[in-house]
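Asks: Sequence and predicted structure below; questions after.
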Amino acid sequence: MITLEFVVDKDFILQHILKSYSDHLPFLRLKRKVWEMNKQLYRVLSQNLEPLVIDGGLARGLPRATADLKESLSSIYKTNDFKKVFHETERYASTIEEQWNRNYIDSVRHLGDITKLDILEIDRKIRIFISHPCLPRGRSYAEENAIAWSHPDEWKNYAVVYLWHEIMHHVTANTRSAPHLMHSLIELSCDNELRIRLNGGGKYFEEDGIPLGHKYLVDLNKKILPDWKKYLRDPNENIYQFEKRMRRKWRGEKLLKPRSRLVEWAEWH
Ligand SMILES: [Zn+2]
């Protein structure tokens, strides 16, 4: 069974705010406060430390960042600006958790029908690190059994659909599949088919006129779509077998336009 633990963590929220480019006023005030308190600390904490926070927190991960890291963090966490942002994140986390629980049974059934996998047989406990809803984030840390998540709910069941997207990255992480092809199948399964089934209607590749998904996967998704529609009607082929068949079918063809390795790495989630 897939169990999610929703984590509202002070280090995670602070770090996410400090490294962001958001001009949300409470974030700017918090940044200024940390800058005025200790410029060295600000410089360190405004880097991308997300994997380190997930792996045990700032004080453990940065023992020599500044002489008084623990004290500095605890005085930041006592400020009204941080408390306000933290409470907003707690409220957001509880709406997401409620949305997840409310849709759990239906989404397991739908995703089982879409992937032809027994979703309930998959045994995983995943920590969902929640950030402030003003800071969009979605990234999988399969090796840590963790997901970083926050996003305004742009349409009905937004968080459930994209949490399943991230969970599918975990589920498929150690399979012998082609990463871009599997990512495309995750988008077809979750962002599109699961969203439409859960919400009782909708179109592929857009919601309320807004295009969905990673731009670099759009062409690949469309290329696979006719086979994908047939696959959905065939109870005897599961998503892994379909991926293998598509890999064979398109062998020799470049499924994606070549891009720099850095862009690929940065966009991967
Ligand atoms: Zn993804």
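Replies: Arrived safely.
Asks: Return the residues in contact with Ala65.
Replies: Gln40, Leu41, Val44, Leu45, Leu58 (C-beta atoms under 8 Å, 6 or more residues apart in numbering). C-beta here means a position set from N, CA and C on the backbone, and glycine is covered the same way.
Asks: quick one: the fourth one and Val34 touch, right?
Replies: By that I understand Leu45. Yes - judged on C-beta atoms under 8 Å, Leu45 makes contact with Val34 at a distance of 6.8 Å.
Asks: Mind checking which of these two has more residues around it?
Replies: Leu45 (25 against 22; other C-beta atoms under 10 Å).
Asks: Please tell me how far the more buried one sits from Pro136.
Replies: According to C-beta to C-beta, to the nearest Å, Leu45 and Pro136 sit 20 Å apart.
Asks: how near is the residue nearest to the spatial centre of the chain to Phe129?
Replies: Centroid-nearest residue in the chain: Gly138, 2.6 Å away (criterion: C-alpha atoms, centre = their mean). Note on Gly138: its distance to Phe129, by C-beta to C-beta, is 11 Å.
Asks: got any residues that touch both of the two?
Replies: Ile147, Ala148, Trp149.
Asks: Double-check that the last one belongs to a strand.
Replies: Same thing as Trp149. Yes - under DSSP: H, G, I helix; E, B strand; the rest coil, Trp149 sits within a strand.
Asks: hmm, back to that, looking at the shared contacts of Gly138 and Phe129, which is nearest Glu90?
Replies: The closest of those to Glu90 turns out to be Trp149 (C-beta to C-beta; 14.3 Å).
Asks: Can you verify my assumption that that closest one contacts Ser131?
Replies: Yes - here Trp149 reaches Ser131: they are 7.3 Å apart, a contact under C-beta under 8 Å.
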